[in-house]
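Quick one, fold the following:
(one chain, ligands or ions: 2)
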Amino acid sequence: MAVYTDITEDDLTRFLAAYDVGVLTSYKGIAEGVENSNFLLHTTQGSYILTLYEKRVNAGDLPFFLGLMHHLAERGLSCPLPLPRADGELLGMLSGRPAAVISFLEGMWLRKPEAQHCREVGRALASMHEAGEGFALKRANALSVGGWRPLWRNSEERADEVQDGLKDEIAAELAFLEEHWPRELPDGVIHADLFPDNVFFLGDRLSGLIDFYFACNDFLAYDIAVCLNSWCFEKNGSYNITKGMALLSGYESVRKLTVEEVTALPLLARGSALRFFLTRLYDWLMTPAGALVVKKDPLEYLTKLRFHRAVVSSAEYGLRRGEALQ
Ligand SMILES: Nc1ncnc2c1ncn2[C@@H]1O[C@H](COP(=O)(O)OP(=O)(O)O)[C@@H](O)[C@H]1O
Ligand SMILES: N[C@@H](CCOP(=O)(O)O)C(=O)O
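Ligands and ions are numbered 1, 2, ... in the order given. You can find the predicted model right below:
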């Protein structure tokens, strides 16, 4: 459930008067999502999404996120478009929170993606990377390697409550990744959270990408690692190499990976698994009982982390190129 902030019909009607969206006919809170409060609006002109940005989103980052959606949509990527208000601004205030109205994207996210969908996602991710070129604003990845230790400090004392021995295992993992994290790889604007629930399909056709609220500048291949983790593992924790190959070949049908990126993939996947493990662990331990949000299981990402730790070459992900097999 993600409606942290409630709105009244009167406040919403006043808020919408600044937009060219017609007259409100109905609205309801959207149960999915974790970070922000989202509402589906119906008006005499169509359907829209209203997002109230919650505390974990830094208001200073909002121009980056909203501007990026504009930039990508202008370059032909299918993603929501923030609507301008009469004064030209993309942001207003509602119920004490910064708020935006964005276009409604048709489609559904897939509960059980198959290899063909992984291929589509790989292709869309590479198209997003290309479309992101030339975006003028910059945002560092606050949840890259430098952000993991501060996050870990908040949970480490209670980590063994989740699984025995976790405190030592994660401390060692973090130290390893801090020492070995790549310094230079091709970089650009990345989505950084392209999980299945952020990709819409109409039938088997990918209809668009949503939720750019972790987007930032970082290694492009790190975004692939996030997708391998979120799209190519089965519920039982096993890695599905057919899905991995499909995702990687879909990506490379648009943008070829460099030898350095291929070589770095196991490490990037390991780091990405740690990143989602840490944010989930924090939420698992700190979210008050009774909060209206579905907490995500950190142990799912611990299993993925352990898989990547055992990987010796990128070929194990389904990258079957000569240079990957040396
Ligand atoms: N532009 C959109 N078009 C249609 N539905 C959307 C759109 N944006 C968000 N949603 C719906 O709202 C849900 C939560 O959105 P999301 O951006 O993932 O929230 P959060 O930022 O809180 O994680 C999505 O799963 C989807 O159902
Ligand atoms: N994808 C992350 C959580 C972020 O949730 P989202 O609703 O913003 O996509 C995870 O699964 O841990």
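
When you work out contacts or count neighbours from here on, use the C-alpha atoms and nothing else.
Fine.

Just confirm residue 102 contacts residue 80, I think it does.
Yes: when contacts are counted by Cα atoms under 8 Å, residue 102 is listed as touching residue 80 (5.9 Å).

Which of the two has more residues huddled nearby?
residue 80 (24 against 20; other Cα atoms under 10 Å).

What's the separation between the closest residue to that one other than its chain neighbours and ligand 2?
Excluding the flanking residues, the one nearest residue 80 by Cα to Cα, 6 or more residues apart in numbering is residue 103, at 5.1 Å. Per Cα to the nearest ligand atom, to the nearest Å, residue 103 is found 18 Å from ligand 2.

go on, residue 253?
On the measure of Cα to the nearest ligand atom, residue 253 and ligand 2 end up 25 Å apart.

looking at it, that residue is touching residue 123, isn't it?
Yes: judged on Cα under 8 Å, residue 253 makes contact with residue 123 at a distance of 6.7 Å.

More neighbours: which of those two?
Neighbour totals were compared for residue 253 and residue 123, and residue 123 leads with 23 against 14 (other Cα under 10 Å).

show me what contacts the more buried one?
247, 250-254 (Cα atoms under 8 Å, 6 or more residues apart in numbering).

Assign a three-state SS to it, would you?
What DSSP: H, G, I helix; E, B strand; the rest coil gives for residue 123 is helix.

re the thing from before, tell me the one among the contacts of residue 123 nearest to residue 221.
residue 251 (10.2 Å; Cα to Cα).

Show me where the stretch 1-150 of the chain has its strands.
24-29, 37-43, 46-52, 92-94, 97-103 (DSSP state E, counting those that start in this stretch).

In a markdown table, list those strands along with mean pLDDT.
Conversion of the strands of the stretch 1-150 of the chain to a markdown table gives the following (pLDDT from 0 to 100):
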| stretch | mean pLDDT |
| --- | --- |
| strand 24-29 | 96 |
| strand 37-43 | 96 |
| strand 46-52 | 97 |
| strand 92-94 | 95 |
| strand 97-103 | 96 |
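
Among these, which comes closest to residue 288?
strand 37-43 (17.5 Å).

Get me the contact residues on the stretch 51-200 of the chain for ligand 1.
80, 102-105, 197-198 (Cα under 6 Å from any ligand atom).

residues contacting the residue nearest to residue 39 when sequence neighbours are not counted?
Of all residues not flanking residue 39 in the chain, residue 29 sits nearest, at 4.3 Å (Cα to Cα, 6+ apart). Contact partners of residue 29, counting by Cα under 8 Å, 6+ apart, are 2-3, 37-40.

Also near ligand 1: which of those, exactly?
Checking the contacts of residue 29 against ligand 1 (Cα under 6 Å from any ligand atom), the matches are 37-38.

per the record, what domains does the chain have?
Domain ranges of the chain: 9-103, 115-325, per automatic domain parsing.

Nearest to residue 109, out of those?
domain 115-325 (4.6 Å).

State the mean pLDDT of the closest one.
When pLDDT is averaged along domain 115-325, the result is 94.
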